[in-house]
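Colleague: Fold the following for me, if possible:
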Amino acid sequence: MKIDKSYELPFPPDRVFAAWVCPETVIPPATRMEINPTVGGHYRLFMESEDRCNRAEGLFFAVEPDRHVRYTWEWDRDGEITEIDVLFEPADDGTALHIRHTGFRKTESRDMHDSGWDSYVEKLSALLEKDGETASN
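Modeller: As a prediction, this is how the structure comes out:
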């Protein structure tokens, strides 16, 4: 099972890509990230609270600055290792973002990630907008 999503973001591809692979770009409910965005590099995304710590982690297979990343995703070592392929393409008004997330074994997992991508991209766009306002002030 897979997810195919496309979004239009009003920011140039280099900015969207940089935010995607930056350890400071932490979108709630995530609380912190460790990332080495190189081929063979590892990342960990943490969701921490007072009573627990969940994490997603994986390895990068492809990293083409400002254009493309491909990496694995595993939630809390649940055994379902999926693959995420993201393209950052120039568009008239910014970036055409294409996400393909494959390898789901459970419909429930796929559906949760499907809505999760919408939320993530919406919050990423809001963060980039806020950073743009800060940079221009």
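Colleague: who's in contact with the residue sitting nearest the centre point of the chain?
Modeller: Ranked by distance to the mean C-alpha position of the chain (C-alpha atoms, centre = their mean), the top residue is W20 at 5.7 Å. Contacts were defined as C-beta atoms under 8 Å, 6 or more residues apart in numbering; by that measure W20 touches V69, V86, F88, L124. Placement of C-beta: from N, CA and C, glycine included.
Colleague: Closest one of those to D51?
Modeller: Comparing the contacts of W20 against D51 with C-beta to C-beta picks out L124 as the nearest, at 27.4 Å.
Colleague: Go through the one helix or strand the closest one maps to and flag the buried ones.
Modeller: Secondary structure here is read from DSSP states H and E; on that basis L124 sits in helix 107-136. When burial is assessed from 16 or more other C-beta atoms under 10 Å, helix 107-136 yields the following buried residues: S109, R110, H113, D114, W117, Y120, V121, L124, S125, L128.
Colleague: Averaged pLDDT, it. What do you get?
Modeller: Mean pLDDT, taken over the full extent of helix 107-136, equals 88.
Colleague: Give the other helices and strands that it contacts.
Modeller: When contacts are defined as 3 or more C-beta pairs under 8 Å, 6 or more residues apart in numbering; DSSP states H and E, helix 107-136 packs onto strand 2-9, helix 13-20, strand 94-102.
Colleague: Show me what the last one is in contact with.
Modeller: Read that as strand 94-102. Counting by C-beta under 8 Å, 6+ apart, 1-13, 15-16, 73, 82-90, 113, 117, 121 sit against strand 94-102.
Colleague: Cool, thanks, signing off.
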